[in-house]
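**Student:** quick one, what's the 3D model for this:
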Amino acid sequence: MTSTDQDRTPTSVLLPTVRWADACDEVAGQLGARDELLVICDTADDPVADRRGATPEGVRIVLAGEPEGCSGKANAIAAGMEAAEHDRIVWTDDDFAHPDDWLATLDADYERQGPTTEVPVFVGEDPLARLFEPAYAIGGTAAVSAGGIAWGGAVVFERADLDRPGSVSDAAATADGAAAALLADLRRTVSDDGTLSEYVDVTAADRTRTVPCGGSLRGSLERFVRFFRIVRFHAPRAAAFNVALAVAFAALCLFAPVVGVTLVTATSAAVYARFGIRRTTFLLAGPSALVSPVFLAYALARRTFVWGGRRYRWRSLFDVAVRPV
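**Tutor:** Reported below is the predicted structural model:
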């Protein structure tokens, strides 16, 4: 054990996945002597479960069980929080690259400014996902950066930071009470990071992680519905504002196309420049604005959506029905 390892606060990293992805190797290679990586899957039938007993040092496979009344992701995170040995916690995902200094940088962020989230940039892998990129840059990347929103792909906090006075799950004001309330809420909702954002105040780091999204038209449509539901249930005023803004921009692009398309394209270009997004998809901001009310209406009308091999009926924040696809 080096002096650096001895001085650094031990960290538990939670990584939900059903397969041993590149991210597992990337994070495992960054663990200090006292850190741990919990790779969390649903059941022993998941491919990653075959690695139990054959993982790198500091890595454990955790079986969360089938979700009941919540998403598989939220259920996995709750199981990981229960199994984690340390008070400093990092949540991450398996769908983006973790550079060699990723964990050390997050730990340094925490020492400097407390709970910290990195910022996602969603890159489309099919035509519909690429069309959505300007909207994801504004409503995802910029919103996480400016809005104190925790992104579950890369967020660090400590259990003592959790605080939700008056939680409907647990009115206890202690750190243990808040942690118990968080786990209870995770096990009856869909969004892990939306729920975490209600329990911890985070500061966004000034760096981004590129996250591929989509891959099929159907998958991108389901993702759009899910993202809209997250905002609708966790930030209803923001959802109403987004709908009103989308209708206003669409009307402007339709009835004053030169002004409208120029405005939304310039806005998207500014957001891309601010976050170093080197993609030409900002030029799709005009077409995206024109059709966005149609997709929002579809998202409002849909009763269910598919995510990770399961179909969810998410009626309200804590009313979730789930079944296999």
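**Student:** burial count for Ile194?
**Tutor:** Residue 194: Gly, not Ile. Neighbourhood size, Gly194 [other CB atoms under 10 Å]: 20. Just so you know, the C-beta spots here come from the backbone N, C-alpha and C atoms, and that holds for glycine as well.
**Student:** just Leu183 next, same as before
**Tutor:** Neighbours of Leu183 (other CB under 10 Å): 18.
**Student:** likewise for the one 10 residues further on?
**Tutor:** Here the count is done by other CB under 10 Å, and Asp193 has 23 residues near it.
**Student:** give me the nearest residue to it, chain neighbours excluded.
**Tutor:** Distances taken as CB to CB, 6 or more residues apart in numbering place Gly152 nearest to Asp193, at 3.6 Å, with adjacent residues excluded.
**Student:** who touches that neighbour in this structure?
**Tutor:** Residues in contact with Gly152 (CB atoms under 8 Å, 6 or more residues apart in numbering) are 73, 77, 91-93, 192-193, 196.
**Student:** and the strands in the stretch 1-150 of the chain?
**Tutor:** For the stretch 1-150 of the chain, the strands defined by DSSP state E, counting those that start in this stretch occupy 11-16, 36-41, 59-63, 88-92, 116-124.
**Student:** would you turn these into TSV with mean pLDDT and mean neighbour count?
**Tutor:** Shown next, in TSV, are these (pLDDT from 0 to 100; neighbours: other CB atoms under 10 Å):
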stretch	mean pLDDT	mean neighbour count
strand 11-16	98	25
strand 36-41	98	25
strand 59-63	98	19
strand 88-92	98	24
strand 116-124	98	23
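**Student:** can I get the ones you listed in a markdown table with distance to Thr208?
**Tutor:** What follows is the strands of the stretch 1-150 of the chain, written out as a markdown table (distance: least, CB to CB, whole Å):
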| stretch | distance to Thr208 |
| --- | --- |
| strand 11-16 | 19 |
| strand 36-41 | 23 |
| strand 59-63 | 27 |
| strand 88-92 | 15 |
| strand 116-124 | 5 |
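**Student:** of the ones you listed, which is nearest Glu82?
**Tutor:** strand 59-63 (8.8 Å; CB to CB).
**Student:** low-confidence stretches in this protein?
**Tutor:** For the chain, applying pLDDT under 70 flags the ranges 1-6, 165-175.
**Student:** what helices and strands are in contact with the longest helix along the chain?
**Tutor:** Once the chain is assigned using DSSP state H, the helix that runs over the most residues is helix 236-255. With contacts defined as 3 or more CB pairs under 8 Å, 6 or more residues apart in numbering; DSSP states H and E, helix 236-255 has these neighbours: helix 217-234, helix 257-274, helix 285-301.
**Student:** out of those helices, which gets nearest to Ala204?
**Tutor:** Evaluated over these, closeness to Ala204 peaks at helix 257-274, with 12.2 Å, by CB to CB.
**Student:** who touches that closest one?
**Tutor:** By CB under 8 Å, 6+ apart, helix 257-274 touches 134, 137-138, 141-142, 249, 251-254, 277-279, 282-283, 285-286, 288-289.
**Student:** related to what we said a few turns ago, where does the residue nearest to Asp193 sit: helix, strand or coil?
**Tutor:** Classification of Gly152 using DSSP: H, G, I helix; E, B strand; the rest coil returns coil.
**Student:** next: Val306.
**Tutor:** Per three-state DSSP, Val306 ends up strand.
**Student:** need the contact list for the spatially closest residue to it that is not a sequence neighbour.
**Tutor:** Spatially, and ignoring its direct neighbours in sequence, Val306 is nearest to Glu222 (4.8 Å; CB to CB, 6+ apart). Contacts for Glu222 (CB under 8 Å, 6+ apart) come out as 305-307.
**Student:** I'd like to know which of those residues is nearest to Asp185.
**Tutor:** Proximity of those to Asp185 (CB to CB) peaks at Trp307, which lies at 18.2 Å.
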